[in-house]
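Engineer: Let's see this in three dimensions:
(2 chains)
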Protein chains: 2
Amino acid sequence: MTPEEFRREAHRLVDWIADYRAGIEERPVMAQIEPGDIKKLLPKSAPERPESFDAIFADIERVVAPGLSHFQHPSFYGYFPANADLAAVLGDFLGSGLGVIGLTWQSSPALTEIEEVTCDWLRQLSGLSDRWKGVIQDTASTSTLVALISAREKSSNYALARGGLQSGEPALTVYVSAQAHSSVDKAATLAGFGMANLRHIETDAEFGMRPELLRAAIEKDRAAGLKPCAIVATVGTTATTAVDPLQPIGKIAKEFGLWLHVDAAMAGSVMILPECRWMFDGIEMADSLVTNPHKWLAASFDCSMYLVQNPEHLIRVMSTNPSYLQSSVDGRVANLRDWGIPLGRRFRALKLWFLLRGNGAEAIRARLRRDMVNARWLADEARRTPHWKVLAPIHLQTACLRHEPPGLSGAALDQHTQAWAEAVNRSGEAYVTPATLDGRWMVRVSIGSLTTERDHVADLWRLMQRLAADL
Amino acid sequence: MTPEEFRREAHRLVDWIADYRAGIEERPVMAQIEPGDIKKLLPKSAPERPESFDAIFADIERVVAPGLSHFQHPSFYGYFPANADLAAVLGDFLGSGLGVIGLTWQSSPALTEIEEVTCDWLRQLSGLSDRWKGVIQDTASTSTLVALISAREKSSNYALARGGLQSGEPALTVYVSAQAHSSVDKAATLAGFGMANLRHIETDAEFGMRPELLRAAIEKDRAAGLKPCAIVATVGTTATTAVDPLQPIGKIAKEFGLWLHVDAAMAGSVMILPECRWMFDGIEMADSLVTNPHKWLAASFDCSMYLVQNPEHLIRVMSTNPSYLQSSVDGRVANLRDWGIPLGRRFRALKLWFLLRGNGAEAIRARLRRDMVNARWLADEARRTPHWKVLAPIHLQTACLRHEPPGLSGAALDQHTQAWAEAVNRSGEAYVTPATLDGRWMVRVSIGSLTTERDHVADLWRLMQRLAADL
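Structural biologist: Numbering: from 1, shown residues only, chains lettered A, B, ... in the order given. Take a look at the predicted model:
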């Protein structure tokens, strides 16, 4: 495609995207289609000859849009806020248009240096000491995998250069809360630890990890001849935004010489709010931290920030240095390929840079506060309404709710919960995520889309009450 | 940012990108700056108040552009063709603007189903049997890591569900060519195998893996009580585009029950050319294959296609199934989070879809053929010119060259090679990548940018001769 063809078609696409965002409330939030419906609309094979962009763009409305659950809709309360602020979208667009790749510093110095600077901007806004250095990864799943591999190599004194995990040494063990995200289990198994060497520590009434049980588990493993290696603590769990207490956990990590990784994928955004820093009390004792600016902060997926206090260790674990990647400036620059798994890297810093500059920190803080007020409002409404229960503290922007009509319990209550959640989603008027807590189904209302105002939350509350009562 | 603000600013950005691509030849190919130059131009902290897009866009020319090595420049011969066709850029832009995330099928069905369909389109164009199923990963580094973890779990009968690699079983071993990409070593160490369990098999005169040495290494390890696990074969090595012979390697893999992963990150693009399929003779014996449409094919970074013959195995290794990701359609749909490491996924299929539709397969084939003809032309010129050597067969679009003036050898020759390569890059007129081969430096000329025509290659050839002679 020539630049002039691109100019013409891209202007059309800009208008489509602007119209899409402006009119998004007219669309059902959740895709109202069945498995296979999209595939049926597509040819079985690629075209031999070029198609016109009239045809291609027509398929955005014909094929793509009906098959979307609209994450940017103000009535999207699913999973977590997955905001793509349009300033960040511009940054991402610029990155795609430039088409440069960060293989080394030399391969595009601005890609590396703007990433270093914007990660440091966000570190400062987050109240973290300047011992932390950040780098952008794709997702928290990957960041946590990198953290556990780093922990493994620290505990084994770089066994990767020798026999790896196959050296016949005492098994390394990993400790996580029973409320930790599924990506922690996945990272531990992918890194080779094995599920038998992963301990799920029970939580307290507010779903935070119990430090005394953590200590007991570590001591028991040591007594059994195993080698405790890493703790993954979560600030803002997926189910309820619970907070593992970092102060006591950090002290245990130091006492026993374990790596401490903090998963704040969702909640890390509120480090920019001084009134929320209590959740991170003890963070300076951690070795690594992941927070996803592509969630509530709105940097547009994918933009997961992974921070470490000791980049030299990370580089030693991740580095490769083949001749075709060497340059005369090595040693004086950061080669971010050595800070993660992929060699090639997108220019992802642009979206974070555009987000922070286009909005300013003040406006982002105000938006997060708005969402937390809305979550508390919803919880207050539910608490004062008969047969509705709020199941967990409202630390952030997520309310965990259940409608418990008289006489319903056990499996029948679960069925009721899943039925009204499904009814909400099928209505097209809002999107919520059911999940289990203490073995029972409940509904997470995750507030925080960019355009979600109080009126939207009030609409949702009326909708939930009506659909739950109708069953 | 509101949709109307976005509309205004995005139109300006479209024009900037179109102008950038149209005028890219006016810019020096390699960034002409020193470490730290970009950082110096940036404020130390994020702004509290929003900045105007006049200021932000002004920084594209002031800060960003001087810090780029322009991968889309027609005189870019570095690393590998890293093409971002503008049709693919439009697809990527649409994905960013939609801001949806593939967590599950339900979270945006079109994201999953268009990915399944476009990967299958490319599979068909590539002449692969319909036993192969493809999924988009970020890079070949990640795809190869996924492959080696899959191999590990097959050999160990899913030890990840038990003691992982820490079970005290015989060590699993991995076999790669001595010419394999550095990402293979990295993947093996990250997956926990350890460098001591990785065998680098020597290559023949054309830099392909020697099957008889592979067999000998496997037999030796078995005799020593180790458990051979996986072979990584490369079609189109990074240094010289050498081809490991898949027929004999595949037979050895079958005979000994090893996983065979094929790294065709760069060369996989030519599977769409019938006359190049000889390089892939035996591919159906492989278990996994990676090819990067974001390279020569031009799908815009990041778009690495990972193909497997047994997706059930991949899913068993990678799957997680927490309550908050379950839906009523599970079992009837693909949840691509279980096909790789990250949970969240961008709508990357759009760029592949737009690329194939906007260009058509015929035009892409013609472009690849043009580039191979240009590489052979350059090699022919070098061969007939005194003191120039072509160091490897021209299988694809890469020519490995050395200027060997009379009397220069050893370290002095290396110094000469690096000096003229650096002179080419510093000139701003072209970008090449020096690398080592058989312990000596040479220069890779990797032809295949979208806009590189014969005249550009002829200009490069004159430039190299002049700068090498001037030293």
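
Engineer: Can you tell me the SS state at the nearest residue to A:A253 once chain neighbours are set aside?
Structural biologist: In space, and not counting its chain neighbours, A:A253 is closest to A:L260: 4.0 Å by CB to CB, 6 or more residues apart in numbering or on different chains. Every C-beta, even on glycine, is put in place using the N, C-alpha and C of the backbone. With DSSP: H, G, I helix; E, B strand; the rest coil as the basis, the three-state label of A:L260 is strand.

Engineer: For A:L260, which residues are in contact?
Structural biologist: Listed by CB atoms under 8 Å, 6 or more residues apart in numbering or on different chains, the contact set of A:L260 reads A:A230, A:I231, A:A233, A:I249, A:G250, A:A253, A:M285, A:A286, A:D287, A:S288.

Engineer: Make CSV out of those residues and add secondary structure and distance to A:R62.
Structural biologist: As requested, the contacts of A:L260 are exported to CSV (DSSP: H, G, I helix; E, B strand; the rest coil; distance: CB to CB, whole Å):
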residue, secondary structure, distance to A:R62
A:A230, strand, 49
A:I231, strand, 50
A:A233, strand, 47
A:I249, helix, 52
A:G250, helix, 54
A:A253, helix, 54
A:M285, helix, 54
A:A286, coil, 49
A:D287, coil, 50
A:S288, strand, 45
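
Engineer: of all those residues, which comes closest to chain B?
Structural biologist: A:A230 (13.6 Å; CB to the nearest CB).

Engineer: can you give me the strands in the stretch 51-200 of chain A?
Structural biologist: Under the criterion DSSP state E, counting those that start in this stretch, the stretch 51-200 of chain A contains strands at A:76-77, A:133-137, A:172-177, A:198-201.

Engineer: between those strands, which gets nearest to chain B?
Structural biologist: strand A:172-177 (6.7 Å).

Engineer: and the closest one, average pLDDT?
Structural biologist: Mean per-residue pLDDT for strand A:172-177: 98.

Engineer: ok, it: who's next to it in the sheet?
Structural biologist: strand A:198-201 (parallel), strand A:227-234 (parallel) (DSSP bridges).

Engineer: count of neighbours near the closest residue to A:N321 other than its chain neighbours?
Structural biologist: Distances taken as CB to CB, 6+ apart put B:S182 closest to A:N321, at 7.6 Å, once the chain neighbours are dropped. Residues within reach of B:S182, counting by other CB atoms under 10 Å in any protein chain shown, total 18.

Engineer: on that earlier part again, with mean neighbour count, mean pLDDT and distance to A:L41 added, can I get the strands paired with strand A:172-177 in TSV?
Structural biologist: Below are the strands paired with strand A:172-177 laid out as TSV (neighbours: other CB atoms under 10 Å in any protein chain shown; pLDDT from 0 to 100; distance: least, CB to CB, whole Å):
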stretch	mean neighbour count	mean pLDDT	distance to A:L41
strand A:198-201	20	98	43
strand A:227-234	26	98	41
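
Engineer: could you pull out the helices for chain A?
Structural biologist: A:3-22, A:37-40, A:53-59, A:86-98, A:109-125, A:140-155, A:182-190, A:211-223, A:246-256, A:311-318, A:349-359, A:361-383, A:410-427, A:454-470 (DSSP state H).

Engineer: Quick check: buried residues in the shortest one?
Structural biologist: To tie it back to what came earlier, the one meant is helix A:37-40. Under the neighbour-count criterion of 16 or more other CB atoms under 10 Å in any protein chain shown, helix A:37-40 has A:D37, A:I38, A:K39 buried.

Engineer: Would you mind putting the residues you listed into TSV with pLDDT alongside?
Structural biologist: Converted to TSV, these look like this (pLDDT from 0 to 100):
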residue	pLDDT
A:D37	97
A:I38	97
A:K39	97
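
Engineer: closest to B:L325 among those?
Structural biologist: A:I38 (20.1 Å; CB to CB).

Engineer: My guess is A:C400 contacts A:W388. True?
Structural biologist: No - the pair A:C400 / A:W388 is not scored as a contact, 11.4 Å apart, by CB atoms under 8 Å.

Engineer: if you count what's nearby, which of the two comes out ahead?
Structural biologist: Shown here are A:C400 and A:W388; by other CB under 10 Å, A:C400 has more neighbours (24 against 19).

Engineer: Which residue is the nearest non-sequential neighbour of the residue nearest the centre of chain A?
Structural biologist: Per CA atoms, centre = their mean, the C-alpha nearest to the average position across chain A is that of A:A265, at 4.3 Å. The shortest distance from A:A265 to any non-neighbouring residue, by CB to CB, 6+ apart, is to A:A140 (3.7 Å).

Engineer: I'd like to know how many residues surround the residue nearest to A:A349 when sequence neighbours are not counted.
Structural biologist: Spatially, and ignoring its direct neighbours in sequence, A:A349 is nearest to A:E115 (3.8 Å; CB to CB, 6+ apart). A total of 25 residues lie near A:E115 under the criterion other CB under 10 Å.

Engineer: Tell me, what's the model's pLDDT at A:E115?
Structural biologist: On the pLDDT scale, A:E115 gets 98.

Engineer: list the contacts for it?
Structural biologist: By CB under 8 Å, 6+ apart, the residues touching A:E115 are A:G102, A:V135, A:I136, A:L336, A:R348, A:A349.

Engineer: cutoff 10 Å now
Structural biologist: A:102, A:134-136, A:305, A:334, A:336, A:339, A:345, A:347-350, A:352-353 (CB atoms under 10 Å, 6 or more residues apart in numbering or on different chains).

Engineer: And for A:G439, the neighbour number?
Structural biologist: Residues lying near A:G439 (other CB under 10 Å) number 7.

Engineer: could you check the distance from it over to chain B?
Structural biologist: 10 Å (CB to the nearest CB, to the nearest Å).

Engineer: Isn't that residue up against A:L413?
Structural biologist: No - counting by CB atoms under 10 Å, A:G439 stays clear of A:L413, with 11.4 Å between them.

Engineer: Would you mind measuring from A:A88 to B:G97?
Structural biologist: 11 Å (CB to CB, to the nearest Å).

Engineer: rewinding a little: looking at it, the residue nearest to A:N321 is touching A:L325, isn't it?
Structural biologist: Yes - between B:S182 and A:L325 there is a contact under CB under 10 Å: 7.4 Å.

Engineer: which residues do those two both contact?
Structural biologist: A:R337, A:L343, B:T238.

Engineer: tell me the contacts of the first one?
Structural biologist: So the one you mean is A:R337. So A:R337 contacts A:102-105, A:107, A:112, A:315, A:318-321, A:325, A:343-345, B:139, B:141, B:182-183, B:186 (CB under 10 Å, 6+ apart).

Engineer: Residue ranges in the stretch 301-450 of chain A under the pLDDT threshold?
Structural biologist: Within the stretch 301-450 of chain A, not a single segment meets pLDDT under 70.
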